[in-house]
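# can you look at this prediction? I've put the sequence above it.
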Amino acid sequence: MRQSFWKRYIGDRSFYKMVLLIVVPIIIQNGITNFVSLLDNIMVGQVGTEQMSGVAIVNQFMTVFNICIFGGVSSAGIFTAQYYGQGNQEGIRNTFRFKFMICMILAAAAILLFLTAGENLIMLYLHEGAQSGDIGKTLEYGKRYLSIMIFGIVPYAISQTYASTLRETGETLLPMKAGILAVFVNLIGNFLLIFGNFGFPALGAVGAAIATDIARVVECLVLVVWTYIHRKEHSFIIQAYQSFRIPRDLIKQIIQKGIPIMFNEIAWSTGQAFLMQCYSIRGLSVIAGLNISSTVSNLFNVVFLSMGSAIAIIVGQLLGAEKMQEARETDRKLLFFSVTTCLVFGSLLAVIAPFFPLLYHTSGEVQSLATRFILISAGCMPLYAFMHGCYFTLRSGGKTWITVLFDSVYVWVIDIPLAYVLANFTGLPIVQVYLSCQLIETLKCILGYVLVKKGIWLQNIVKEEAL
(Lines give C-alpha, C1' and ligand atoms only; values in the text may rest on other atoms or scores of the structure.)
Protein backbone atom coordinates (compact mmCIF):
# COMPACT_ATOMS: atom_id res chain seq x y z
CA MET A 1 0.00 0.00 0.00
CA ARG A 2 2.82 2.39 0.94
CA GLN A 3 4.71 1.67 -2.26
CA SER A 4 1.55 2.18 -4.31
CA PHE A 5 0.80 5.49 -2.62
CA TRP A 6 4.40 6.63 -3.02
CA LYS A 7 4.43 5.76 -6.71
CA ARG A 8 1.08 7.39 -7.44
CA TYR A 9 1.51 10.67 -5.55
CA ILE A 10 5.22 11.21 -4.92
CA GLY A 11 7.72 11.90 -7.70
CA ASP A 12 11.42 11.11 -7.80
CA ARG A 13 14.24 13.59 -7.47
CA SER A 14 14.34 14.40 -11.18
CA PHE A 15 10.59 15.10 -11.14
CA TYR A 16 10.84 17.68 -8.36
CA LYS A 17 13.93 19.19 -9.91
CA MET A 18 11.97 19.71 -13.14
CA VAL A 19 8.98 21.15 -11.27
CA LEU A 20 11.08 23.47 -9.13
CA LEU A 21 13.00 24.81 -12.12
CA ILE A 22 9.67 26.00 -13.50
CA VAL A 23 7.77 26.95 -10.39
CA VAL A 24 10.46 28.53 -8.21
CA PRO A 25 11.15 31.49 -10.55
CA ILE A 26 7.40 32.10 -10.77
CA ILE A 27 7.06 31.87 -6.98
CA ILE A 28 10.00 34.24 -6.48
CA GLN A 29 8.60 36.78 -8.92
CA ASN A 30 5.05 36.59 -7.58
CA GLY A 31 6.30 36.39 -4.01
CA ILE A 32 8.43 39.50 -4.29
CA THR A 33 5.59 41.29 -6.10
CA ASN A 34 3.16 40.44 -3.32
CA PHE A 35 5.71 41.20 -0.61
CA VAL A 36 6.24 44.67 -2.00
CA SER A 37 2.46 45.04 -2.34
CA LEU A 38 2.28 44.09 1.32
CA LEU A 39 4.84 46.76 2.23
CA ASP A 40 2.99 49.21 -0.03
CA ASN A 41 -0.24 48.38 1.75
CA ILE A 42 1.34 48.80 5.19
CA MET A 43 2.80 52.17 4.15
CA VAL A 44 -0.59 53.42 2.95
CA GLY A 45 -2.12 51.95 6.12
CA GLN A 46 0.13 54.21 8.18
CA VAL A 47 -1.58 57.34 6.81
CA GLY A 48 -5.07 56.35 7.90
CA THR A 49 -8.06 54.06 7.42
CA GLU A 50 -9.67 56.27 4.75
CA GLN A 51 -6.66 56.26 2.41
CA MET A 52 -6.13 52.54 2.94
CA SER A 53 -9.79 51.81 2.21
CA GLY A 54 -9.87 54.05 -0.87
CA VAL A 55 -6.80 52.30 -2.25
CA ALA A 56 -8.28 48.88 -1.39
CA ILE A 57 -11.48 49.62 -3.32
CA VAL A 58 -9.63 50.84 -6.42
CA ASN A 59 -7.21 47.93 -6.25
CA GLN A 60 -10.23 45.64 -6.38
CA PHE A 61 -11.02 47.16 -9.79
CA MET A 62 -7.39 46.91 -10.88
CA THR A 63 -7.36 43.27 -9.82
CA VAL A 64 -10.36 42.66 -12.07
CA PHE A 65 -8.46 44.28 -14.94
CA ASN A 66 -5.28 42.31 -14.20
CA ILE A 67 -7.20 39.04 -14.17
CA CYS A 68 -8.93 40.00 -17.42
CA ILE A 69 -5.49 40.50 -18.96
CA PHE A 70 -4.45 37.15 -17.52
CA GLY A 71 -7.49 35.62 -19.20
CA GLY A 72 -6.63 37.36 -22.46
CA VAL A 73 -3.08 35.97 -22.60
CA SER A 74 -4.23 32.60 -21.31
CA SER A 75 -6.84 32.31 -24.06
CA ALA A 76 -4.02 31.76 -26.52
CA GLY A 77 -1.50 30.49 -23.96
CA ILE A 78 -2.77 26.91 -24.00
CA PHE A 79 -1.88 26.86 -27.71
CA THR A 80 1.52 28.51 -27.10
CA ALA A 81 2.55 25.76 -24.66
CA GLN A 82 1.51 22.99 -27.02
CA TYR A 83 3.10 24.68 -30.07
CA TYR A 84 6.31 24.92 -28.06
CA GLY A 85 6.05 21.20 -27.32
CA GLN A 86 5.96 20.68 -31.09
CA GLY A 87 8.73 23.18 -31.86
CA ASN A 88 6.36 25.27 -34.01
CA GLN A 89 7.69 28.85 -33.91
CA GLU A 90 5.17 30.22 -36.40
CA GLY A 91 2.36 28.94 -34.21
CA ILE A 92 3.91 30.68 -31.20
CA ARG A 93 4.23 33.91 -33.20
CA ASN A 94 0.57 33.83 -34.15
CA THR A 95 -0.55 33.24 -30.57
CA PHE A 96 1.65 36.17 -29.50
CA ARG A 97 -0.10 38.42 -32.00
CA PHE A 98 -3.48 37.31 -30.75
CA LYS A 99 -2.47 38.04 -27.15
CA PHE A 100 -1.21 41.50 -28.05
CA MET A 101 -4.38 42.50 -29.86
CA ILE A 102 -6.76 41.18 -27.20
CA CYS A 103 -4.76 42.87 -24.42
CA MET A 104 -4.87 46.24 -26.19
CA ILE A 105 -8.63 45.93 -26.59
CA LEU A 106 -9.04 45.11 -22.90
CA ALA A 107 -6.78 48.00 -21.89
CA ALA A 108 -8.74 50.49 -23.98
CA ALA A 109 -12.04 49.23 -22.53
CA ALA A 110 -10.72 49.50 -18.96
CA ILE A 111 -9.46 53.06 -19.43
CA LEU A 112 -12.79 54.14 -20.92
CA LEU A 113 -14.73 52.52 -18.07
CA PHE A 114 -12.61 54.08 -15.32
CA LEU A 115 -12.70 57.54 -16.89
CA THR A 116 -16.47 57.55 -17.29
CA ALA A 117 -17.71 55.53 -14.31
CA GLY A 118 -14.87 55.44 -11.79
CA GLU A 119 -16.62 57.48 -9.08
CA ASN A 120 -19.84 55.48 -9.35
CA LEU A 121 -17.90 52.23 -9.05
CA ILE A 122 -16.16 53.40 -5.88
CA MET A 123 -19.48 54.53 -4.38
CA LEU A 124 -20.83 50.98 -4.65
CA TYR A 125 -18.48 49.98 -1.82
CA LEU A 126 -19.13 52.84 0.57
CA HIS A 127 -21.70 52.07 3.27
CA GLU A 128 -22.27 53.10 6.85
CA GLY A 129 -22.39 50.42 9.49
CA ALA A 130 -19.10 50.48 11.38
CA GLN A 131 -17.26 52.68 13.83
CA SER A 132 -14.22 53.26 11.61
CA GLY A 133 -13.69 55.54 8.61
CA ASP A 134 -15.10 58.59 6.84
CA ILE A 135 -16.97 57.79 3.61
CA GLY A 136 -16.43 61.20 2.00
CA LYS A 137 -12.67 61.12 2.54
CA THR A 138 -12.48 57.53 1.35
CA LEU A 139 -14.25 58.46 -1.90
CA GLU A 140 -11.91 61.37 -2.54
CA TYR A 141 -8.77 59.32 -1.90
CA GLY A 142 -10.09 56.54 -4.10
CA LYS A 143 -10.79 58.91 -7.01
CA ARG A 144 -7.32 60.44 -6.84
CA TYR A 145 -5.66 57.03 -6.68
CA LEU A 146 -7.65 55.71 -9.66
CA SER A 147 -6.89 58.80 -11.79
CA ILE A 148 -3.16 57.98 -11.55
CA MET A 149 -3.38 54.18 -11.80
CA ILE A 150 -4.99 54.49 -15.25
CA PHE A 151 -1.60 55.43 -16.73
CA GLY A 152 -0.11 52.04 -15.86
CA ILE A 153 -2.77 50.00 -17.64
CA VAL A 154 -1.20 49.81 -21.12
CA PRO A 155 2.38 49.02 -19.93
CA TYR A 156 0.97 46.25 -17.74
CA ALA A 157 -0.96 44.74 -20.66
CA ILE A 158 2.14 44.73 -22.89
CA SER A 159 4.28 43.22 -20.12
CA GLN A 160 1.89 40.32 -19.65
CA THR A 161 1.82 39.61 -23.38
CA TYR A 162 5.60 39.18 -23.41
CA ALA A 163 6.00 37.53 -19.99
CA SER A 164 3.35 34.87 -20.59
CA THR A 165 4.79 33.90 -23.99
CA LEU A 166 8.32 33.68 -22.60
CA ARG A 167 7.18 31.45 -19.72
CA GLU A 168 5.20 29.17 -22.02
CA THR A 169 8.29 28.75 -24.21
CA GLY A 170 10.60 27.81 -21.35
CA GLU A 171 12.03 31.22 -20.37
CA THR A 172 10.90 31.71 -16.78
CA LEU A 173 13.94 33.59 -15.43
CA LEU A 174 13.61 36.79 -17.46
CA PRO A 175 10.01 37.55 -16.42
CA MET A 176 11.11 36.86 -12.85
CA LYS A 177 14.04 39.27 -13.08
CA ALA A 178 11.91 41.96 -14.72
CA GLY A 179 9.28 41.52 -12.03
CA ILE A 180 11.87 41.74 -9.24
CA LEU A 181 13.31 44.94 -10.69
CA ALA A 182 9.84 46.43 -11.04
CA VAL A 183 8.80 45.70 -7.49
CA PHE A 184 11.96 47.23 -6.09
CA VAL A 185 11.38 50.32 -8.19
CA ASN A 186 7.85 50.36 -6.79
CA LEU A 187 9.11 49.96 -3.23
CA ILE A 188 11.60 52.80 -3.55
CA GLY A 189 8.94 54.99 -5.15
CA ASN A 190 6.55 54.24 -2.30
CA PHE A 191 9.16 55.12 0.29
CA LEU A 192 9.88 58.44 -1.38
CA LEU A 193 6.40 59.51 -2.47
CA ILE A 194 4.00 58.23 0.19
CA PHE A 195 5.81 59.83 3.15
CA GLY A 196 7.85 62.52 1.34
CA ASN A 197 11.32 61.24 2.20
CA PHE A 198 14.58 62.88 0.90
CA GLY A 199 12.82 66.06 -0.15
CA PHE A 200 10.08 64.42 -2.25
CA PRO A 201 6.47 65.56 -1.70
CA ALA A 202 4.36 63.50 0.73
CA LEU A 203 1.57 62.35 -1.58
CA GLY A 204 0.06 59.47 0.38
CA ALA A 205 -2.10 57.19 -1.75
CA VAL A 206 -1.38 59.24 -4.89
CA GLY A 207 2.34 58.65 -4.35
CA ALA A 208 1.72 54.90 -4.19
CA ALA A 209 -0.10 55.08 -7.53
CA ILE A 210 2.72 57.04 -9.19
CA ALA A 211 5.30 54.53 -7.93
CA THR A 212 3.22 51.65 -9.30
CA ASP A 213 2.97 53.27 -12.74
CA ILE A 214 6.72 53.88 -12.92
CA ALA A 215 7.40 50.26 -11.93
CA ARG A 216 5.08 48.96 -14.64
CA VAL A 217 6.82 51.04 -17.30
CA VAL A 218 10.21 49.72 -16.16
CA GLU A 219 9.03 46.10 -16.27
CA CYS A 220 7.54 46.59 -19.73
CA LEU A 221 10.74 48.09 -21.13
CA VAL A 222 12.92 45.31 -19.72
CA LEU A 223 10.74 42.56 -21.23
CA VAL A 224 10.40 44.19 -24.65
CA VAL A 225 14.06 45.16 -25.02
CA TRP A 226 15.43 41.83 -23.72
CA THR A 227 13.19 39.80 -26.02
CA TYR A 228 14.27 41.84 -29.03
CA ILE A 229 17.98 41.52 -28.17
CA HIS A 230 17.56 37.72 -27.77
CA ARG A 231 15.39 37.32 -30.87
CA LYS A 232 17.58 34.50 -32.22
CA GLU A 233 16.75 32.34 -29.21
CA HIS A 234 13.11 33.52 -29.16
CA SER A 235 12.41 33.76 -32.86
CA PHE A 236 8.65 34.16 -32.36
CA ILE A 237 9.29 37.91 -31.95
CA ILE A 238 10.95 38.20 -35.37
CA GLN A 239 8.49 39.99 -37.68
CA ALA A 240 5.79 39.56 -35.04
CA TYR A 241 4.58 43.12 -35.69
CA GLN A 242 5.11 43.08 -39.43
CA SER A 243 1.65 41.68 -39.90
CA PHE A 244 -1.20 40.95 -37.53
CA ARG A 245 -2.72 38.37 -39.81
CA ILE A 246 -3.48 35.16 -37.97
CA PRO A 247 -4.57 31.94 -39.73
CA ARG A 248 -8.34 31.72 -39.71
CA ASP A 249 -8.27 28.14 -38.43
CA LEU A 250 -6.16 29.16 -35.44
CA ILE A 251 -8.46 32.08 -34.63
CA LYS A 252 -11.37 29.69 -34.77
CA GLN A 253 -9.61 27.26 -32.42
CA ILE A 254 -8.68 30.02 -29.97
CA ILE A 255 -12.25 31.29 -29.97
CA GLN A 256 -13.53 27.78 -29.36
CA LYS A 257 -10.93 26.75 -26.79
CA GLY A 258 -9.31 29.94 -25.53
CA ILE A 259 -11.93 32.69 -25.46
CA PRO A 260 -13.93 30.79 -22.82
CA ILE A 261 -10.84 31.15 -20.61
CA MET A 262 -10.91 34.92 -21.02
CA PHE A 263 -14.66 35.00 -20.46
CA ASN A 264 -14.18 32.89 -17.36
CA GLU A 265 -11.48 35.14 -15.90
CA ILE A 266 -13.60 38.24 -16.54
CA ALA A 267 -16.68 36.65 -15.00
CA TRP A 268 -14.71 35.25 -12.06
CA SER A 269 -12.88 38.49 -11.26
CA THR A 270 -16.02 40.61 -11.50
CA GLY A 271 -17.67 38.01 -9.29
CA GLN A 272 -14.95 38.50 -6.69
CA ALA A 273 -15.50 42.26 -6.85
CA PHE A 274 -19.22 41.69 -6.33
CA LEU A 275 -18.48 39.47 -3.35
CA MET A 276 -16.46 42.30 -1.82
CA GLN A 277 -19.40 44.61 -2.46
CA CYS A 278 -21.68 42.17 -0.61
CA TYR A 279 -19.32 42.18 2.37
CA SER A 280 -19.00 46.00 2.26
CA ILE A 281 -22.70 46.27 3.20
CA ARG A 282 -21.51 45.65 6.78
CA GLY A 283 -19.41 48.82 6.84
CA LEU A 284 -16.10 50.44 5.91
CA SER A 285 -14.23 48.54 8.62
CA VAL A 286 -15.01 45.28 6.80
CA ILE A 287 -13.34 46.58 3.63
CA ALA A 288 -10.30 47.64 5.65
CA GLY A 289 -10.17 44.29 7.45
CA LEU A 290 -10.47 42.31 4.21
CA ASN A 291 -7.81 44.50 2.63
CA ILE A 292 -5.34 43.70 5.40
CA SER A 293 -6.26 40.00 5.26
CA SER A 294 -5.99 39.68 1.49
CA THR A 295 -2.65 41.49 1.41
CA VAL A 296 -0.88 38.97 3.64
CA SER A 297 -2.89 36.00 2.33
CA ASN A 298 -1.86 36.84 -1.24
CA LEU A 299 1.78 36.63 -0.20
CA PHE A 300 1.26 33.02 0.93
CA ASN A 301 -1.12 32.15 -1.90
CA VAL A 302 1.68 32.58 -4.46
CA VAL A 303 2.57 28.95 -3.81
CA PHE A 304 -0.60 27.39 -5.18
CA LEU A 305 -1.06 30.16 -7.77
CA SER A 306 2.42 29.47 -9.13
CA MET A 307 1.79 25.72 -9.02
CA GLY A 308 -1.27 26.33 -11.21
CA SER A 309 0.95 28.02 -13.79
CA ALA A 310 3.39 25.10 -13.56
CA ILE A 311 0.58 22.61 -14.15
CA ALA A 312 -0.54 24.55 -17.24
CA ILE A 313 2.99 24.59 -18.65
CA ILE A 314 4.17 21.07 -17.76
CA VAL A 315 0.94 19.21 -18.51
CA GLY A 316 0.27 21.32 -21.61
CA GLN A 317 3.66 20.44 -23.08
CA LEU A 318 3.14 16.73 -22.35
CA LEU A 319 -0.27 16.81 -24.03
CA GLY A 320 1.20 18.57 -27.07
CA ALA A 321 3.83 15.83 -27.28
CA GLU A 322 1.12 13.12 -27.16
CA LYS A 323 2.35 11.75 -23.80
CA MET A 324 -1.09 11.18 -22.32
CA GLN A 325 -0.28 8.66 -19.60
CA GLU A 326 2.70 10.67 -18.43
CA ALA A 327 0.51 13.78 -18.36
CA ARG A 328 -2.05 12.03 -16.12
CA GLU A 329 0.61 10.75 -13.69
CA THR A 330 2.45 14.05 -13.64
CA ASP A 331 -0.74 15.99 -12.96
CA ARG A 332 -1.66 13.74 -10.03
CA LYS A 333 1.73 14.31 -8.42
CA LEU A 334 1.59 18.05 -9.05
CA LEU A 335 -1.83 18.32 -7.38
CA PHE A 336 -0.63 16.36 -4.35
CA PHE A 337 2.53 18.46 -4.11
CA SER A 338 0.51 21.68 -4.28
CA VAL A 339 -1.95 20.67 -1.56
CA THR A 340 0.67 19.33 0.87
CA THR A 341 2.83 22.41 0.39
CA CYS A 342 -0.14 24.63 1.18
CA LEU A 343 -0.80 22.73 4.39
CA VAL A 344 2.59 23.98 5.57
CA PHE A 345 2.15 27.55 4.31
CA GLY A 346 -1.40 27.72 5.67
CA SER A 347 -0.08 26.79 9.11
CA LEU A 348 2.55 29.54 8.92
CA LEU A 349 -0.11 32.07 7.92
CA ALA A 350 -2.25 31.06 10.89
CA VAL A 351 0.69 31.63 13.25
CA ILE A 352 1.20 35.25 12.17
CA ALA A 353 -2.55 36.05 11.95
CA PRO A 354 -2.83 37.73 15.40
CA PHE A 355 0.25 39.89 14.88
CA PHE A 356 0.17 41.14 11.28
CA PRO A 357 -2.83 43.55 11.62
CA LEU A 358 -0.99 45.34 14.46
CA LEU A 359 1.34 46.83 11.81
CA TYR A 360 -1.50 49.07 10.57
CA HIS A 361 -2.42 52.45 12.01
CA THR A 362 -6.13 51.70 12.23
CA SER A 363 -8.83 50.90 14.78
CA GLY A 364 -9.03 47.85 17.03
CA GLU A 365 -12.24 46.86 15.25
CA VAL A 366 -10.46 46.65 11.90
CA GLN A 367 -7.50 44.77 13.40
CA SER A 368 -9.77 42.21 15.05
CA LEU A 369 -11.70 41.58 11.85
CA ALA A 370 -8.48 41.26 9.86
CA THR A 371 -7.07 38.64 12.25
CA ARG A 372 -10.15 36.44 11.93
CA PHE A 373 -10.26 36.82 8.13
CA ILE A 374 -6.59 35.77 7.94
CA LEU A 375 -7.24 32.67 10.07
CA ILE A 376 -10.08 31.63 7.76
CA SER A 377 -7.88 32.08 4.68
CA ALA A 378 -5.09 30.07 6.33
CA GLY A 379 -7.39 27.15 7.12
CA CYS A 380 -8.82 27.10 3.60
CA MET A 381 -5.50 27.33 1.74
CA PRO A 382 -5.21 23.58 0.93
CA LEU A 383 -8.78 23.79 -0.37
CA TYR A 384 -7.83 26.67 -2.65
CA ALA A 385 -4.74 24.79 -3.84
CA PHE A 386 -6.72 21.76 -4.97
CA MET A 387 -9.36 23.87 -6.72
CA HIS A 388 -6.74 25.92 -8.51
CA GLY A 389 -4.83 22.83 -9.62
CA CYS A 390 -7.98 21.17 -10.96
CA TYR A 391 -8.86 24.30 -12.89
CA PHE A 392 -5.47 24.45 -14.64
CA THR A 393 -5.53 20.72 -15.31
CA LEU A 394 -8.82 20.98 -17.17
CA ARG A 395 -7.65 24.08 -18.98
CA SER A 396 -4.36 22.56 -20.16
CA GLY A 397 -6.32 20.06 -22.24
CA GLY A 398 -8.61 22.66 -23.78
CA LYS A 399 -11.72 21.83 -21.71
CA THR A 400 -12.39 25.52 -21.42
CA TRP A 401 -16.18 25.57 -21.31
CA ILE A 402 -16.07 23.06 -18.48
CA THR A 403 -13.67 25.36 -16.61
CA VAL A 404 -16.17 28.19 -17.10
CA LEU A 405 -18.85 26.12 -15.37
CA PHE A 406 -16.37 24.96 -12.75
CA ASP A 407 -15.05 28.40 -11.93
CA SER A 408 -17.01 31.56 -12.80
CA VAL A 409 -20.48 30.05 -13.13
CA TYR A 410 -20.01 28.49 -9.70
CA VAL A 411 -19.09 31.90 -8.27
CA TRP A 412 -22.18 33.59 -9.69
CA VAL A 413 -24.62 30.75 -9.01
CA ILE A 414 -23.39 29.59 -5.58
CA ASP A 415 -20.93 32.01 -3.94
CA ILE A 416 -22.52 35.37 -4.71
CA PRO A 417 -26.15 34.48 -3.88
CA LEU A 418 -24.97 32.96 -0.59
CA ALA A 419 -22.91 36.06 0.32
CA TYR A 420 -25.69 38.44 -0.74
CA VAL A 421 -28.37 36.67 1.28
CA LEU A 422 -26.22 36.22 4.40
CA ALA A 423 -24.92 39.79 4.34
CA ASN A 424 -28.24 41.50 3.61
CA PHE A 425 -30.94 39.33 5.16
CA THR A 426 -29.41 37.67 8.23
CA GLY A 427 -27.95 38.85 11.50
CA LEU A 428 -24.89 36.64 11.22
CA PRO A 429 -21.63 38.41 12.12
CA ILE A 430 -19.54 39.24 9.05
CA VAL A 431 -16.84 36.74 10.07
CA GLN A 432 -19.38 33.89 9.97
CA VAL A 433 -20.67 35.16 6.63
CA TYR A 434 -17.13 35.12 5.23
CA LEU A 435 -16.40 31.66 6.65
CA SER A 436 -19.59 30.23 5.12
CA CYS A 437 -18.68 31.61 1.71
CA GLN A 438 -15.21 30.01 1.89
CA LEU A 439 -16.37 26.59 3.07
CA ILE A 440 -18.95 26.31 0.29
CA GLU A 441 -15.93 25.90 -2.02
CA THR A 442 -15.72 22.30 -0.76
CA LEU A 443 -18.39 21.44 -3.33
CA LYS A 444 -16.11 22.76 -6.07
CA CYS A 445 -13.28 20.53 -4.82
CA ILE A 446 -15.51 17.47 -5.14
CA LEU A 447 -16.53 18.50 -8.65
CA GLY A 448 -12.92 19.15 -9.64
CA TYR A 449 -11.81 15.75 -8.34
CA VAL A 450 -14.46 13.96 -10.40
CA LEU A 451 -13.65 15.85 -13.61
CA VAL A 452 -9.89 15.42 -13.32
CA LYS A 453 -10.12 11.72 -12.45
CA LYS A 454 -12.27 11.03 -15.50
CA GLY A 455 -9.44 12.28 -17.71
CA ILE A 456 -11.64 14.31 -20.06
CA TRP A 457 -8.79 16.83 -20.35
CA LEU A 458 -6.34 14.33 -21.89
CA GLN A 459 -6.20 15.65 -25.45
CA ASN A 460 -3.81 17.35 -27.87
CA ILE A 461 -5.62 20.44 -29.16
CA VAL A 462 -2.98 21.30 -31.79
CA LYS A 463 -2.55 17.80 -33.17
CA GLU A 464 -3.76 18.73 -36.62
CA GLU A 465 -0.96 21.31 -36.88
CA ALA A 466 1.81 18.79 -36.23
CA LEU A 467 2.51 17.78 -39.81
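Nice, thanks for sending it over. Since this is a predicted model, take the numbers as computed values, not measurements.

# hey, let's count contacts and neighbours off CA atoms from now on
Will do.

# so who does L451 touch?
If you count contacts by C-alpha atoms under 8 Å, 6 or more residues apart in numbering, L451 has them with L394.

# do the one 4 residues further on as well
The contact partners of G455, taken as C-alpha under 8 Å, 6+ apart, are R328.

# how near is it to M324?
According to C-alpha to C-alpha, to the nearest Å, G455 stands 10 Å off from M324.

# with S363 instead?
Counting by C-alpha to C-alpha, the gap from S363 to M324 is 55 Å.

# tell me the contacts of I78?
By C-alpha under 8 Å, 6+ apart, I78 lies in contact with G258, A312, G316, R395, S396, G397, G398.

# helix or strand: which one has the fourth one?
In this structure, R395 is located in helix 364-396 according to DSSP states H and E.

# packing partners for that helix?
helix 284-320, helix 324-352, helix 400-404, helix 430-439, helix 442-454 (3 or more C-alpha pairs under 8 Å, 6 or more residues apart in numbering; DSSP states H and E).

# and the gap between the most centrally placed residue in the chain and S74?
Nearest to the geometric centre of the chain sits I67, at 5.8 Å (C-alpha atoms, centre = their mean). Between I67 and S74 the computed distance is 10 Å (C-alpha to C-alpha).

# A157 too?
Counting by C-alpha to C-alpha, the separation of A157 from S74 is 13 Å.

# which residues do those two both contact?
Overlap of the contact sets of A157 and S74 (by C-alpha under 8 Å, 6+ apart) is empty.

# so what's the residue count around I32?
Using other C-alpha atoms under 10 Å, I32 is surrounded by 21 other residues.

# find the nearest non-adjacent residue to it, please.
I180 (6.4 Å; C-alpha to C-alpha, 6 or more residues apart in numbering).

# thinking again about what came up before, which stretch in the helices and strands packed on helix 364-396 has the least confidence?
Lowest mean pLDDT within the helices and strands packed on helix 364-396: helix 400-404, a mean of 77.

# not counting that helix itself, show me its contacts.
The contact list for helix 400-404 (C-alpha under 8 Å, 6+ apart) reads K257, G258, P260, I261, F263, N264, Y391, L394, R395.

# select from those the one having the most neighbours.
Per-residue neighbour counts (other C-alpha under 10 Å) across the contacts of helix 400-404 peak at I261, which has 32 neighbours.

# from P247, how far out is it?
20 Å.

# one step back: any idea which of the contacts of I78 is closest to V303?
V303 has its nearest neighbour among those in A312, at 14.5 Å by C-alpha to C-alpha.

# give me the number of residues near the closest one?
By other C-alpha under 10 Å, the residues close to A312 number 25.

# roughly how far does it sit from D331?
Relative to D331, A312 is positioned 10 Å away (C-alpha to C-alpha).

# which neighbours do those two share?
T393.

# count of residues packed around K399?
23.

# apart from its neighbours in sequence, what residue is nearest it?
Closest to K399 by C-alpha to C-alpha, 6+ apart is W457, at 6.0 Å.

# wait, the one you found sits on F392?
No. Counting by C-alpha atoms under 8 Å, W457 does not reach F392; the two are 10.1 Å apart.

# which of these two has more neighbours?
Ranked by neighbour count (other C-alpha under 10 Å), W457 and F392 place F392 first, with 25 against 22.

# three-state assignment of the residue nearest to K399?
Secondary structure for W457, judged by DSSP: H, G, I helix; E, B strand; the rest coil, is coil.

# for A312, see how far away it is.
Using C-alpha to C-alpha, W457 is found at 12 Å from A312.

# quick check: neighbours shared by the two?
By C-alpha under 8 Å, 6+ apart, W457 and A312 have these common neighbours: T393, R395, S396.

# make JSON lines out of those residues and add pLDDT and distance to P201.
Formatted as JSON lines, the shared contacts of W457 and A312 follow (pLDDT from 0 to 100; distance: C-alpha to C-alpha, whole Å):
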{"residue": "T393", "pLDDT": "88", "distance to P201": "48"}
{"residue": "R395", "pLDDT": "78", "distance to P201": "47"}
{"residue": "S396", "pLDDT": "79", "distance to P201": "48"}
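
# quick check, nearest of those residues to G31?
Within those, the smallest distance to G31 is 22.7 Å, found for T393 (C-alpha to C-alpha).

# show residues contacting whichever strand or helix holds T212.
Per DSSP H and E, T212 falls inside helix 205-229. With contacts defined as C-alpha under 8 Å, 6+ apart, helix 205-229 is touched by 40, 44, 51-52, 55, 141, 144-146, 148-149, 151-152, 155-156, 158-159, 162-163, 174-175, 178-179, 181-183, 185-190, 193-194, 234, 237.

# are any of those buried, and if so which?
Neighbour counting over the contacts of helix 205-229 (16 or more other C-alpha atoms under 10 Å) leaves 40, 44, 51-52, 55, 141, 144-146, 148-149, 151-152, 155-156, 158-159, 162-163, 174-175, 178-179, 181-183, 185-187, 189-190, 193-194, 234, 237 as the buried ones.
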